[in-house]
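J.: I'd like to go over a predicted model; first the sequence, then the structure.
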Amino acid sequence: MHALAAFFNLSVLLVILAAVLDILANLLLARSQGFHRRWIGFTALALVGLAFYCLSLAVKNMDLAVAYAMWGSFGILGTSLGGWLFFNQRLKPCAFAGMGLLIAGMLLLHLG
């Protein structure tokens, strides 16, 4: 139980929040149709700014390398799955295997 509580500390939650904001920004950017729908594009930019702010708060108590690796990995996973779910983008089985490896790597990086 102690390891689980240590995993879900404030810095990790901030990294997860930063990743969620980044994923939403990426999905909105795709919806903006190359900024033809300006308000959607500018909302995406604002979300990226908020994501970086959350990341900056997280690195106060977490190594930058760990925070950035987790943020990037969660962002890749979420954006890939979002494209698959919302934009009907095809993912090959090896893409899902890669996502599993990303998750395993994040756990090892943070817990190890």
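T.: Received the coordinates, thanks.
J.: the bottom helix or strand of the protein by mean pLDDT?
T.: Within the chain, no helix or strand scores below helix 2-7, which has a mean of 54 by mean pLDDT, DSSP states H and E.
J.: Model confidence score at residue 17, please.
T.: Per-residue confidence (pLDDT) for residue 17: 97.
J.: what are the phi and psi angles of the residue nearest to it when sequence neighbours are not counted?
T.: In this structure, residue 17 finds its nearest non-sequential neighbour in residue 54, 4.9 Å apart by CB to CB, 6 or more residues apart in numbering. Every C-beta, even on glycine, is put in place using the N, C-alpha and C of the backbone. Per-residue torsions, residue 54: phi -60, psi -40 (degrees, to the nearest 10).
J.: Just list the residues touching residue 48, thanks.
T.: By CB atoms under 8 Å, 6 or more residues apart in numbering, the residues touching residue 48 are 21-22, 25.
J.: Looking at those, which one is closest to residue 79?
T.: The closest of the contacts of residue 48 to residue 79 turns out to be residue 22 (CB to CB; 7.9 Å).
J.: Please look at the closest one and residue 49 and confirm they touch.
T.: No. Using CB atoms under 8 Å, residue 22 is not in contact with residue 49, being 10.5 Å away.
J.: Those two: which has the busier surroundings?
T.: Set residue 22 next to residue 49 and count neighbours by other CB atoms under 10 Å: residue 22 wins out with 25 against 12.
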